[in-house]
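>>> please find the sequence and the predicted model below.
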Amino acid sequence: MFDRLIDASLRNRPLVLLVLLALAGSGAYALMRLPIDAVPDITNVQVMALTNAPALGPEEVERFITVPVENAMNGIPRVQEVRSFSQFGISGVTVVFEEGVDIYWARQQVGERLALVRSQIPAEYGQPEMGPIATGLGEVFQFEVRNADDAPTRRSLMDLRTILDWEVARPLKSIPGVVEVNAFGGELKTYEVRLDPQKLMSRGISVNRVFQAIARNNGSAGGGYLERNGQQRVIRTVGLINDLDELGDVLLEATPSGTPIHVRDVAEVRFAPMIRAGAVTRDGRGEAATATVLMLMGENSRVVVDRIKEKLAEIQEGLPEGVVIDPFYDRAALIERTIATVSRNLAEGGVLVVAVLLVLLGNLRAGLIVALAIPLSMLFAGELMLYFGVAGSLMSLGAIDFGLIVDSAVIVMENIVHRLSHARPGEAAAEVVRAATREVRKPVVFGVGIITLVHLPILALEGVEGKMFRPMALTVIFALSGSLLLSLTATPVLASFFLRPGASERETLPIRLAKRAYRAPLGWAIRRPIPVALMAIAALAATVPIALSLGGEFIPKLDEGDLVVVLVRPPDAALSEGIQDTTHFERALREAFPDEIKSVVSRTGRPEIGIDPAGVNLTDVFVLLQPPERWTRVHDRDGLIRAIEELGGRVLPGTFLAFTQPIELRFNDLLAGVRADVGLSLFGDDLGVLQEKSNALAEVLRSVPGASEVKAQSLGGLPFLQIDIDRDRIDRRGIDGAEVLDVGAALGGKVVGQVVEGERRFDLQVRIAPEYRQDVDAIRNLLLTTSAGKQVALESVADIKMVDGVYEVWRKDRRRRAMVQCNVRDRDLASFVAEAQRRVAAEVTLPRGYRVEWGGTFENLQSATRRLTIVVPIALSLIMLLLYATFGSVSLAMLIFLSVPLGAIGGVLALWLRGLNFSISAGVGFIALSGVAVLDGLVLVSAIRQLVEQGTPVLRAVGEASMARLRPILMTGLVASLGFVPMALSHGSGAEVQRPLATVVIGGLITSTLLKLVVLPALYAWFDPGAPSPRADGPAPEVG
């Protein structure tokens, strides 16, 4: 088949050139349309059900909402796990599905179950609704709506939040690719009826009466229609409340003398902020009104961000004077930095590859023809990436090695140059090129096939590691497929146009020096195979303890260019305290690091759309950084983290600090429900036991070297003012229990309707005035009216007391759990967890029915390691199978397969010398290395076999073929390794993830290339049954 392809290409050379032009044009178009992001989206398929229940505490939320919703999810197909949280006023249940499930099908399944469970939850407790489609890469843009520095009038936080909600967020939601605009911060405007209990009691009006009167007097009704003179007139009754005056005029009842009592007679009517569970501060200026734009799953980040910016510029023109939109987080910036790193690495690698080709081939035209395979293969890969939906990212585009791409073209071109230099006078160039290409067709096809095959098992990786590395494998396979087709079509066609027969083949100085240095050790090795074999075995054996000493981690952390400092205060910390702390911390950061920090934004608690289970004691401080070249106070990221940690200890004593990054934080939250490298889940039933044992686990973790930011989850410690109704006492006094409940609801504020202002809608809430709810004594003395018309204090019919209650309840797979989290610094993750597991097993005794589950990033490492133990043997087996298919000989296949362990020696040594841990990135590098390492061995053994089949004695064939194939072997090894050099040495955004993979391939190719040039020739006679056994004292074989 491939011979026919070669022949057809050379017969239709103009057509091949036209196809190349078409490929270039369509490939460039595909790359422009290709979705681009910094990293692949590793979020699992999940649906969250959220329920706002402002009247319930955590345990009540769990009992009345969370458990019924969890039970309703039973029986949904392909569910992987169900986890939940129950906090004061909110329930969140996350249903995680198996990989590959369509997100919209999953939402449909959850939506159907939620429709059924709503009837089991009392309406006054709240109704579960699905949250937005959550993805770790969804938060693409964040901005603040604020007063301009030169604004003529300063607008309040309530005004800014209103502008944000109705004039900015609404139009943004219409942008294609935007799924939600999540406003956070500022003050949410409401119409408030601030009740005076004394006035209520003096007029004998209950709180419930106010609730009902306002609700009944705020609405419209239809009355059918009238027909008159052949015309139809619709009847409607309009009674909506339109402003504060109309709200104050609502009639409650009349006195016996007929005097009306209005809302304004017992309450103050005003605009007031809704009770909130979170706030945002920025740059030490105080509170801010901000919004986060969430991108729809699967959209193109750069395109969506560009649309957002265009729309915001349009919206800005229509905003009131003095109000500006101020962006502070832009995902496109990270994408641009990462793509710049990838582009720079690819460009530098390409330049090195072309330089090596020109130097070693010694033929400018031949070198340029080979180099042309680089852009054409990339364009070919871009078309397939777009067709199969593979997004461009650090892992897909960044893992391409131009040297690897041109390997097949190098082998073909080297043989073409060699054959043309020995062509007979008058022989047509096209015929010489055809014969030369067909001669190396088999090693080229099978070599590229082997490299492609070893990437196929990577496609079998699952979970996070699969989503991370599958795009890389697919992109490499696409590029290699293009390079193979080009090497058998475009390369010979262009060679037939631009290269002429009879031109002398000039060996360049580096090749002549290499041959001169290679000749003596080659002859010695062929005569002494046993010492050579023993040295190879010794080198491999010496590598084993080094490999075992390497640390282990999942994937090196991608430097996103920004930091998130997580602040955790005691559970009873007030929101006002959090706002004060973050403002103080922001000022300290800006003063301490003026050249390092661009902006600081702190998000305390949760927004109205609470997709994160954050209480008011939890703050995420987004530290947006300047480019590192501008830093003056510190010089690297680790130094900045240590300095911020020290500053936080001084500025915020008693506050727990942990460090992460924006995307990393979101991924950890969504994937495992933890915010750290290591998360211990302690499962059990009794919250007291869970708290006690989780604290013990935290103490053990703190004693393990490398532990940082260890934190046990606080399950209790939230103080409650509890009003327990005494049934006997309310019965004796003739008080309806509902009236007591109404008073309790009015303390916190109860929404009884909405007020519509044009297209805007604002909640209408009733709340007892602050002076009657600021302390326990005031609440005790709130008055109730008995059935006899007498007034009694609330404390006479209820027990009012302060109790320590549950702060939050977490569950996984329908069991309660407590979390202990920690990050790992200055140590590899695998050894840390191994030691921590030993200490936990020895020092912590758990009651019957309680168990510990280790998770976080470590869970991903375990999963990936288990998968690699299956994938790697499959990859090696595929190599052996294809080698056997190539030669029809098990022994020769095994000989070539020796290139794999020879390459592994260099890969392990390179990791060790650079101080890098073994990671999944490095593991994928070893898989890729195994295919590349075999390619040169295949070329060498194929050349030896060809000479033997022509009748050349085996030892002479080994010597001649080794010297003849030295140039292509050195070229393929050099270009493949040099293509990875910029990736291995880069320090740009995203380089951390690429570095282990590139290091393994470079180190492996160095040892594989050098050792196989000695080991394979020395051992060939052993593996070829027809070859005589060489003797150390025998005659030296001819080696060129």
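Done, it's in.

>>> contacts and neighbour counts: CA atoms only from here.
Will do.

>>> what residue spans form the domains of the chain?
1-33+363-502, 44-133, 135-188+275-331, 190-273+747-786, 562-718+808-854 (automatic domain parsing).

>>> and residue 930, which of those domains is closest to it?
Closest to residue 930 of those, according to C-alpha to C-alpha: domain 1-33+363-502, at 7.4 Å.

>>> mean pLDDT for the domains of the chain: which is lowest?
Sorting the domains of the chain by mean pLDDT places domain 1-33+363-502 lowest, at a mean of 85.

>>> re earlier: most tightly packed of the domains of the chain?
Of all the domains of the chain, domain 1-33+363-502 has the most neighbours on average by mean count of other C-alpha atoms under 10 Å, namely a mean of 21.

>>> was I right about residue 713 contacting residue 820?
Yes. Contact criterion C-alpha atoms under 8 Å: residue 713 and residue 820 qualify, at 6.0 Å.

>>> ok, which of the domains of the chain comes nearest residue 1013?
Here domain 1-33+363-502 is closest among the domains of the chain (C-alpha to C-alpha), at 16.4 Å.

>>> run the chain-centre distance for that closest one.
33 Å (C-alpha atoms, centre = their mean, to the nearest Å).

>>> then stretch 707-721?
27 Å.

>>> what comes into contact with it?
Outside stretch 707-721, the residues within contact range by C-alpha atoms under 8 Å, 6 or more residues apart in numbering are 570-572, 656-658, 687, 691, 694-695, 697-698, 701-702, 776, 800-809, 818-825, 832.

>>> first to last residue in it, what's the distance?
38 Å (C-alpha to C-alpha, to the nearest Å).

>>> helices along the stretch 1-150 of the chain, start to end?
For the stretch 1-150 of the chain, the helices defined by DSSP state H, counting those that start in this stretch cover 2-11, 13-33, 58-61, 67-72, 103-117.

>>> dump the ones you listed into JSON lines; add distance to residue 124 as well.
Converted to JSON lines, the helices of the stretch 1-150 of the chain look like this (distance: least, C-alpha to C-alpha, whole Å):
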{"stretch": "helix 2-11", "distance to residue 124": "73"}
{"stretch": "helix 13-33", "distance to residue 124": "50"}
{"stretch": "helix 58-61", "distance to residue 124": "12"}
{"stretch": "helix 67-72", "distance to residue 124": "16"}
{"stretch": "helix 103-117", "distance to residue 124": "15"}
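
>>> which of those sits closest to residue 473?
helix 13-33 (17.9 Å).

>>> circling back: what do residue 713 and residue 820 both touch?
Joint contacts of residue 713 and residue 820 (C-alpha under 8 Å, 6+ apart) are residue 694.

>>> quick one: the helix or strand containing residue 375 to helix 13-33, angle?
Under the criterion of DSSP states H and E, residue 375 resides in helix 373-388. If you take axes from the mean of the first three to the mean of the last three C-alpha atoms, to 10 degrees, helix 373-388 sits at 60 degrees to helix 13-33.

>>> and after helix 373-388, which helix or strand comes next?
By DSSP H and E, the next helix or strand past helix 373-388 is helix 402-421.

>>> for the residue located most distally from the centre of the chain, which residues are in contact?
Relative to the centre of the chain, and counting by C-alpha atoms, centre = their mean, the farthest-placed residue is residue 257 at 70.4 Å. Not one residue lies near residue 257 by C-alpha under 8 Å, 6+ apart.

>>> break down the stretch 551-700 of the chain into its helices, ranges please.
575-592, 637-651, 662-672, 687-702.

>>> what does the third one rub up against?
Read it as helix 662-672. So helix 662-672 is contacted by 42-44, 134-137, 560, 562-564, 622, 674-676, 855-857 (C-alpha under 8 Å, 6+ apart).

>>> can you check the second one too?
Under the contact criterion C-alpha under 8 Å, 6+ apart, helix 637-651 has outside partners 584-585, 588-589, 634, 655, 657, 659.

>>> between it and helix 575-592, how many degrees?
Using the same axes, to 10 degrees: helix 637-651 against helix 575-592 is 130 degrees.

>>> just so I know, which of the domains of the chain lies nearest residue 902?
domain 1-33+363-502 (16.5 Å).

>>> quick check: phi and psi at residue 269.
phi -100, psi 130 (degrees, to the nearest 10).

>>> quick check: it touching residue 244?
Yes. The pair residue 269 / residue 244 is scored as a contact, 6.4 Å apart, by C-alpha under 8 Å.

>>> would you map the strands across the stretch 701-850 of the chain?
707-712, 716-725, 750-757, 760-768, 783-785, 791-793, 798-806, 808-812, 815-824 (DSSP state E, counting those that start in this stretch).

>>> the stretch 501-650 of the chain now?
562-568, 597-605, 618-625.

>>> right, and the helices of the stretch 1-150 of the chain - which one's nearest residue 488?
Closest of the helices of the stretch 1-150 of the chain to residue 488 is helix 2-11, at 5.8 Å (criterion: C-alpha to C-alpha).

>>> what's that closest one packed up against?
Using 3 or more C-alpha pairs under 8 Å, 6 or more residues apart in numbering; DSSP states H and E, the elements in contact with helix 2-11 are helix 429-439, helix 463-488, helix 490-498.

>>> for the stretch 151-300 of the chain, just list every one of the strands.
178-185, 189-195, 219-228, 231-239, 251-254, 260-262, 267-273, 278-282, 289-295.

>>> now tabulate those strands in JSON lines and tack on distance to residue 940.
Formatted as JSON lines, those follow (distance: least, C-alpha to C-alpha, whole Å):
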{"stretch": "strand 178-185", "distance to residue 940": "56"}
{"stretch": "strand 189-195", "distance to residue 940": "78"}
{"stretch": "strand 219-228", "distance to residue 940": "88"}
{"stretch": "strand 231-239", "distance to residue 940": "92"}
{"stretch": "strand 251-254", "distance to residue 940": "98"}
{"stretch": "strand 260-262", "distance to residue 940": "99"}
{"stretch": "strand 267-273", "distance to residue 940": "78"}
{"stretch": "strand 278-282", "distance to residue 940": "65"}
{"stretch": "strand 289-295", "distance to residue 940": "52"}
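
>>> measure residue 326 to residue 599 for me?
From residue 326 to residue 599 the distance is 11 Å (C-alpha to C-alpha).

>>> I meant to write residue 790 there.
Taking C-alpha to C-alpha, one finds residue 790 at 60 Å from residue 599.

>>> and the contacts of stretch 856-876?
Counting by C-alpha under 8 Å, 6+ apart, 453-458, 460-465, 553-554, 668, 672, 674-680, 829-830, 833, 920, 923, 927, 930 sit against stretch 856-876.

>>> now the longest helix seen in the chain: mean pLDDT?
Identified as the longest helix of the chain according to DSSP state H is helix 991-1023. Here helix 991-1023 scores 86 as its mean pLDDT.

>>> check which helices and strands it sits against.
Checking 3+ C-alpha pairs under 8 Å, 6+ apart, helix 991-1023 ends up next to helix 509-527, helix 529-549, helix 890-897, helix 899-914, helix 920-949, helix 954-964, helix 966-978, helix 981-985.
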